[in-house]
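S.K.: Take this sequence and fold it.
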Amino acid sequence: MTAALLELRGLTGGYPPVSVFRDVNLTIKPGEHVGFFGPNGHGKTTLLKTIAGVLDPWDGGIYFEGNRLNAEGAMQARVSHNLNYDLFRKRRIKARDVVDAGLIYVMQGNLLFPEMTVEEVLDIAPRAARGRPGVGQMRRQIHDLFPRLRERWQSKVRYLSGGERQMVSIAVGLLAMPRLLMLDEPTLGLSPKLRIELSQAVQNIRETGVPLIIVDQNVEFLTSLVDRLILFDHGTVTREIPAENMPDHAQLMEMMFGGAH
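M.R.: Numbers count the residues shown, from 1 in each chain. The predicted structure is shown next:
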């Protein structure tokens, strides 16, 4: 029996004291591409940040290739709202351990170094690969995946469009040589033309064999890429839909919001 690539067991988390998602159970197989879809503000990004080690999980387990990434047991509740416990409380999951394992998260919002050029940003990105092989080949693939970046190679990040910055962000994630790549709202706020370019690039990334978790509100983009769609509502998984039963936009709106939509 093939071991899971990523497994979440009863995962619960949020921003103390507010719980955002609860008791999430999910298994992703090697080579599988999974999408998350649901209303804004219902916990999808918080879930990804927790898996990536940006936020501490409150309870449950995160397992990657069979290895547990977070501490066991439930996080103790804060006993005072006037004290910043994060200053001295030991982290329950370390982002560095997550990156070392090859689980790479590309956040929404294009958080890059504005005064660096595209070339400079992509030159430092492979440091996150932690010695995983294939960086040289991936550098060459980046040029094919994102031809627009070749035109902006010497441009500072601050002068790029939103779509171009998103391409740089994904390229940075790829140069970390991920064993699983998580993309959070990659098409958010893009023009139709850049959305098409980025969609094609992500499709090409998929074909290289890099497993993907994608959160996005663009239904057509999402359903064209994934083997399984996870519907996420009010901090819980409400339904899992395999590729052979993938709904169209109208059917998905019906599932999520009922007949009024």
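S.K.: any idea which helix is longest in this protein?
M.R.: Taking DSSP state H as the criterion, the chain has its longest helix at helix 192-207.
S.K.: buried residues in that one?
M.R.: Leu194, Arg195, Glu197, Leu198, Ser199, Ala201, Val202, Ile205, Arg206 (16 or more other CB atoms under 10 Å). Backbone N, C-alpha and C define where each C-beta goes, glycine included.
S.K.: I'd like the residues you listed as CSV, with pLDDT and distance to Glu115 appended.
M.R.: Formatted as CSV, the buried residues of helix 192-207 follow (pLDDT from 0 to 100; distance: CB to CB, whole Å):
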residue, pLDDT, distance to Glu115
Leu194, 88, 23
Arg195, 88, 27
Glu197, 90, 25
Leu198, 90, 24
Ser199, 91, 29
Ala201, 93, 25
Val202, 94, 28
Ile205, 95, 28
Arg206, 94, 33
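S.K.: List just the nearest of these to Pro39.
M.R.: Minimum distance to Pro39 across the buried residues of helix 192-207 is 20.6 Å, recorded for Arg195 (CB to CB).
S.K.: Tell me who's in contact with the closest one.
M.R.: Gly163, Thr187, Asn218, Phe221 (CB atoms under 8 Å, 6 or more residues apart in numbering).
S.K.: switch to 7 Å and redo it
M.R.: Listed by CB atoms under 7 Å, 6 or more residues apart in numbering, the contact set of Arg195 reads Thr187.
S.K.: Kindly report the same for Phe64.
M.R.: Contacts of Phe64 by CB under 7 Å, 6+ apart are Leu6, Ala101, Leu103.
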